[in-house]
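Chemist: Sequence below, structure please.
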Amino acid sequence: MKLVWKVSLIILMIIVIILGIFIYKNYEVVQLYEKAKAKADKDNKKLLVLGSPTSASGALLQYFTKIYGCGDVCVDMNCCKNCERTYCEKAEDVLHKFESNGYVIFESGLLEVVDEDKLDYIVSEMYRIAGNKENIFASHHIQKHKWYFKHVYGFFYKFIGEGNIDRFVETYPPNNYYTFS
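Modeler: The predicted structure follows:
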């Protein structure tokens, strides 16, 4: 019985630690979203969100902490639930509809899962829509934990319908241009 108790306690501690890490990383994402929103307001532009705030991880995290918002328009192939103006389509199918230099973009975790043959097109459309890299605020925390996402979480991510993690985003705006591995 003592062994069962100890194993249960260890499992509970691991779950609490993982949840704590997710909450902290989510806090950083929310702060970045707020910067993008402030930039859009300051520059009198609309905020385009690429990647649903209510994806699988967001749906779980919203029970424990604040998640990033919908912006003026949200695009995600699995929809942006609870967002007023949303495109439930792949990014490559809708980005051409947005005017050049008319938006600040907040992008979270989208580019890891888009089809390889669409990646360059999507990135070039993002630069066109935003006008420059300083108007793109991107969040990509999985590249700091490649082994975990490639061998553990990636299978779960695919299973729940969020897509395949096909690449890692090494550098990204607003501080850098996009690079991938």
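
Chemist: Can you get me a residue count around the residue nearest to residue 125 when sequence neighbours are not counted?
Modeler: In this structure, residue 125 finds its nearest non-sequential neighbour in residue 95, 3.9 Å apart by Cβ to Cβ, 6 or more residues apart in numbering. Yep, even glycine has a C-beta here, placed from its N, CA and C like the rest. A count of neighbours around residue 95, defined by other Cβ atoms under 10 Å, yields 21.

Chemist: Give me the most central residue, the chain.
Modeler: The C-alpha lying nearest the average C-alpha coordinate of the chain belongs to residue 108 (Cα atoms, centre = their mean; 2.1 Å).

Chemist: Now do the strands in the chain.
Modeler: For the chain, the strands defined by DSSP state E cover 46-50, 73-75, 86-87, 103-108, 136-139, 169-171, 179-180.

Chemist: so of the ones you listed, which one's packed in deepest?
Modeler: strand 103-108 (a mean of 27; mean count of other Cβ atoms under 10 Å).

Chemist: That one pairs with which strands, parallel or anti?
Modeler: strand 46-50 (parallel), strand 136-139 (parallel) (DSSP bridges).

Chemist: Mean pLDDT and distance to residue 70 for these - can I get that in JSON lines?
Modeler: Formatted as JSON lines, the strands paired with strand 103-108 follow (pLDDT from 0 to 100; distance: least, Cβ to Cβ, whole Å):
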{"stretch": "strand 46-50", "mean pLDDT": "98", "distance to residue 70": "6"}
{"stretch": "strand 136-139", "mean pLDDT": "96", "distance to residue 70": "15"}
